[in-house]
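> Provided below for reference: sequence and predicted model.
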Amino acid sequence: MSLSIGIHDLSFATTEFVLPHTALAGHNGTEIGKYHVGIGQESMSVPAADEDIVTLGAAAAAPVVARHGSDLIRTVVFATESSIDQAKSAGVYVHSLLGLPSATRVVELKQACYGATAALQFAIGLVRRDPGQQVLVVASDVSRYDLDSPGEATQGAAAVAILVSADPALVRVEDPSGLFTADVMDFWRPNYRDTALVDGQESIAAYLQAVEGVWKDYTEQGGHALEDFAAFCYHQPFTKMAHKAHRHLLDYCGHDAGKEVVARAVAGTTAYNAVIGNSYTASMYLGLAALLDQADDLAGRPVGFLSYGSGSVAEFFAGTVVAGYREHLRTRAHREAIGRRRVVDYAAYRGLHERAFPTDGGDHCTPAQTTGPFRLAGISGHKRIYQAR
Ligand code: HMG
């Protein structure tokens, strides 16, 4: 019998602040229905001045390490597309903040929002080679578009930490995967920019093309039939995209793509993303957290995962929910992470968005704003200084 490997624990963290879409609509005159219904977003997580992908990633991972210890963790894979350094992995800062053993390999992975799924699959390969070890995957991103651009309403920020092990307590990740890569310029961020560039309609079309591509490969590789799945967990740049993607998949397969059919398949995955916004690499795994935290008992049922990263790379795979998974969930902590955010008004959000990091290499303290467990205290001599509370 083949070894069962997958998601043993999952924890997420999000930011100190939140901007309701009503405030954004109040600023730019958009009819609120476009945000609430058209793209399916209620609010967006906004990082404090002293929060970044490292502080969010460490906050997501700390409860995982507290519960399981670090003795079996031999590898940390940090997936992000909002990297804070061109050379050093953000994972090394997280490794240090969490006090992980020096006998650990740490690396950062990038392919837009797809990076966390690459990290998960690489982790599974490592555990298959040595089932005694665990791999900590951290997916952390801050999504930033230009102010007053169409993408602005789809910003957000969060980190998910996933512990990958043999005999997982939550989700067994199955073979095969359906894979798809296409060289498209739908969304990208050149090294000299701190906001992403995007062709909105092109990006939606590229995502839907990838849905077809991964499903074609998945069926050719001998995967499940569509009707076997209890739910579908899509990458959610905005929650309406999960509905669009599933409708497209059903159409492609010649199935009934009625509104209720689509909603039944994806609605359980959208609660967290609707109030957090796009968290890039973390987004699909926030969808999984929402599904496990809210849905009826899914034990023994396969869930379909569709991970998309602009540029573009996509992967479809099945994960079967493990019996007894509910005892291992972090539902209360997840709801608290969302509920504890402090609401900012549009002016405060804009101030945070416009804040640029110094480039002169001198000593710079960041304002103390976050009440989270880790903070970016400042930058000194071009070095980022982090603090644990
Ligand atoms: P837009 O031009 O602001 O909006 O762009 P729109 O005119 O397309 O309207 C959006 C929807 O709201 C439409 O629904 C409207 O009909 C509806 P649809 O036709 O699409 O079903 N609408 C209303 N509904 C109810 N009441 C109203 C109302 N008014 C309009 N009053 C867009 C929207 C998402 C393109 C923009 O926000 C954007 O560019 N976002 C960033 C890019 C993005 O999220 N792309 C998604 C696919 S790519 C991806 O997922 C990868 C990514 O995560 C990055 C990565 O991989 O790293 C982005």
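All right, it came through fine. All values derive from a computational prediction rather than experimental measurement.

> near the ligand, which residues of this protein show up?
For the chain, the contact set with the ligand under Cβ under 6 Å from any ligand atom comprises 31, 33-34, 37-39, 81, 112-113, 150-151, 153-154, 186-187, 198, 200, 203-204, 207, 235, 237-238, 241, 278, 280, 308-310. Quick note: C-beta positions are derived from backbone N, CA and C, even for glycine.

> which phi and psi does the residue nearest to residue 314 when sequence neighbours are not counted have?
Leaving out its chain neighbours, the residue that sits closest to residue 314 by Cβ to Cβ, 6 or more residues apart in numbering is residue 210, at 3.7 Å. As for residue 210, its main-chain torsions (degrees, to the nearest 10) stand at phi -70, psi -30.

> count of neighbours near the closest residue to the ligand within the chain?
Going by Cβ to the nearest ligand atom, the ligand is nearest to residue 38 of the chain, at 2.0 Å. Look at residue 38: counted by other Cβ atoms under 10 Å, it has 14 neighbours.

> how much space separates it from residue 162?
Relative to residue 162, residue 38 is positioned 31 Å away (criterion: Cβ to Cβ, to the nearest Å).

> please apply the same query to residue 168.
According to Cβ to Cβ, residue 168 and residue 162 sit 10 Å apart.

> before we move on, back to that, my guess is the residue nearest to residue 314 meets residue 178, correct?
No: between residue 210 and residue 178 there is no contact under Cβ atoms under 8 Å: 10.0 Å.

> neighbour count: the two, which is higher?
The neighbour comparison of residue 210 against residue 178 (other Cβ under 10 Å) goes to residue 210, with 30 against 23.

> so what's residue 376 up against?
If a contact means Cβ atoms under 8 Å, 6 or more residues apart in numbering, then residue 376 has 50, 51, 52, 54, 55, 366, 384, 385, 386 as its contacts.

> of those, buried ones?
Buried subset of the contacts of residue 376 (neighbour count, 16 or more other Cβ atoms under 10 Å): 50, 51, 52, 54, 55, 366, 384, 386.

> which residues are in contact with the third one?
Listed by Cβ under 8 Å, 6+ apart, the contact partners of residue 52 are 84, 142, 376.

> next, the nearest residue to the residue of the chain closest to the ligand once chain neighbours are set aside: phi, psi?
Closest residue to residue 38 apart from its sequence neighbours, by Cβ to Cβ, 6+ apart: residue 240 at 6.7 Å. Backbone dihedrals for residue 240, given as degrees, to the nearest 10, come out at phi -60, psi -20.

> residue 240: neighbour count?
So residue 240, with other Cβ under 10 Å, has 18 neighbours.

> ok, now residue 181?
Close neighbours of residue 181, defined as other Cβ under 10 Å, add up to 15.

> tell me what it is bridged to.
Beta-bridge partners recorded for residue 181 (DSSP bridges): residue 313.

> kindly report the same for residue 161.
Following DSSP bridges, residue 161 is listed with bridge partners residue 11, residue 138.

> dump the residue contacts of it.
By Cβ under 8 Å, 6+ apart, residue 161 lies in contact with 9-12, 57, 60-61, 63-64, 136-139.

> most surrounded residue in these?
Neighbour counts for those peak at residue 139, which has 34 neighbours (criterion: other Cβ under 10 Å).

> contacts only, for that one.
Shown in contact with residue 139 (Cβ under 8 Å, 6+ apart): 57, 78-80, 115-116, 119, 159-162, 279-282, 285.

> among the residues you listed, which one sits closest to residue 26?
residue 279 (24.1 Å; Cβ to Cβ).

> pull the number of nearby residues for the closest one.
Neighbour count of residue 279, defined by other Cβ under 10 Å: 34.

> tell me the pLDDT at it?
If you check residue 279, the pLDDT there is 98.

> same question for residue 1.
For residue 1, the pLDDT comes out at 59.

> ok, residue 357 next?
81.

> could you find the closest non-adjacent residue to it?
residue 379 (6.7 Å).

> got the contact list for that neighbour?
With contact set as Cβ under 8 Å, 6+ apart, residue 379 has these partners: 357, 358, 363, 364, 366, 385.

> the lowest-mean-pLDDT helix or strand in the chain pairs with which strands, and in what direction?
Sorting the helices and strands of the chain by mean pLDDT, DSSP states H and E puts strand 363-365 at the bottom, at a mean of 94. Under the criterion DSSP bridges, strand 363-365 sits next to strand 374-380 (antiparallel) in its sheet.

> give me the angle between the following helix or strand past the partner strand and strand 374-380.
Downstream of strand 374-380, the next assigned helix or strand under DSSP states H and E is strand 383-388. With axes from the mean of the first three to the mean of the last three Cα atoms, to 10 degrees defining the directions, strand 383-388 sits at 150 degrees from strand 374-380.

> which helices and strands does strand 383-388 pack with?
Under the contact definition 3 or more Cβ pairs under 8 Å, 6 or more residues apart in numbering; DSSP states H and E, strand 383-388 sits against helix 53-68, helix 90-97, strand 374-380.

> including mean pLDDT, could these go into CSV?
Shown next, in CSV, are these (pLDDT from 0 to 100):
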stretch, mean pLDDT
helix 53-68, 98
helix 90-97, 98
strand 374-380, 97
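
> want to throw these into JSON lines with distance to residue 315?
Below are the helices and strands packed on strand 383-388 laid out as JSON lines (distance: least, Cβ to Cβ, whole Å):
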{"stretch": "helix 53-68", "distance to residue 315": "22"}
{"stretch": "helix 90-97", "distance to residue 315": "21"}
{"stretch": "strand 374-380", "distance to residue 315": "30"}
